[in-house]
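**Q** Would you be able to build a 3D model of this:
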Amino acid sequence: MTAEGPKILIIEDEQEIRRFLRASLAAHGYRFLEAETGQQGLRYATSSQPDLIVLDLGLPDVDGLEIIARVREWSTMPIIVLSARGQENEKVAALDAGADDYLTKPFGMGELLARIRVALRHVLRQGEGESPLFTVGELKVDLGSRQVTAQGNPVHLTPTEFRLLSTLIRHAGKVVTHRQLLNEVWGPDSLDETHSLRVYMAKLRDKIEVDSARPRYLLTEPGVGYRLVAE
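**A** Residues are numbered from 1 along each chain as shown. As a prediction, the model looks like this:
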């Protein structure tokens, strides 16, 4: 563990999971703090100012959704939920409350580490000012000139398709709920138009994916929303 590594706050009441996270984070150069309860986690969040929070929803004293809401009152630090609650409505509630990502237990440490890297890079980009150029794999998007290329070929997008893609780029690496996408792309009067969202997402995949049935870039989070990969 290096003194310069990003600081991760783990709010988790299961000792075995904390031990597992501790060993894995230390092996990858992260600093960490551990809290067994929600109240202790909130104290650490305010006093130690971590770079990212890994949060369990099922805490013994305070529900994880309340933790998210209270942190969001004063901070935009990334929050990755790690929970045994796998129902779609639980995921949507956590993301709508302000969580940046959601993994269901049991989870793979490799995937959690990748999501941590993405979340921390997103914070860094915000601090430096968002770049107008977005590149992942063979997908390249110039947000300034509105030019898109995929597999080296220019892609023509309609204005709505481009708004949808640019919204996902702003949240690259994060799960974006159906409600959030509908609000940002179509406006607050279109929050029930999930069919339109599915239609446009299918069109977007047809244009930028090599195989739209097995997407590489635009991933579906079933019942929750979509995620644009960032690495």
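
**Q** Now do the SS call for residue 96.
**A** Recorded secondary structure, residue 96: helix (DSSP: H, G, I helix; E, B strand; the rest coil).

**Q** What residues does the residue sitting nearest the centre point of the chain make contact with?
**A** Centrality entry for the chain: nearest residue to the mean C-alpha point is residue 174, 2.3 Å, by Cα atoms, centre = their mean. Residue 174 makes contact with 100-101, 118-119, 122, 227 under the criterion Cβ atoms under 8 Å, 6 or more residues apart in numbering. In short, each C-beta sits where N, CA and C put it, glycine included.

**Q** Same check on residue 207?
**A** Residue 207 touches 150, 155-157, 161, counting by Cβ under 8 Å, 6+ apart.

**Q** Report the buried members of those residues.
**A** 150, 155, 157, 161 (16 or more other Cβ atoms under 10 Å).

**Q** if we can go back for a sec, check pLDDT for the contacts of residue 174 and point me to the minimum.
**A** pLDDT across the contacts of residue 174 is lowest for residue 122, at 77.

**Q** Surely it touches residue 170?
**A** No: using Cβ atoms under 8 Å, residue 122 makes no contact with residue 170, being 9.2 Å away.

**Q** where do the helices sit along this structure?
**A** 15-27, 38-48, 64-72, 88-97, 109-128, 159-170, 178-185, 194-208 (DSSP state H).

**Q** Of all those helices, which one comes closest to residue 143?
**A** Evaluated with Cβ to Cβ, these place helix 159-170 nearest to residue 143, the distance being 5.9 Å.

**Q** ok, and what's touching the closest one?
**A** 130, 134, 141, 143, 146, 148, 157, 176, 181, 184-186, 200-201, 203-204, 207-208, 218, 226-228.

**Q** Quick check: closest non-adjacent residue to residue 230.
**A** residue 173 (3.5 Å; Cβ to Cβ, 6 or more residues apart in numbering).

**Q** pLDDT at that neighbour, what is it?
**A** 87.

**Q** Please give me every residue in contact with it.
**A** Contacts of residue 173 by Cβ under 8 Å, 6+ apart are 101, 115, 118-119, 121-122, 227-231.

**Q** Drop anything exposed from the residues you listed.
**A** So, by 16+ other Cβ under 10 Å, the buried ones in those are 101, 115, 118-119, 122, 227-230.
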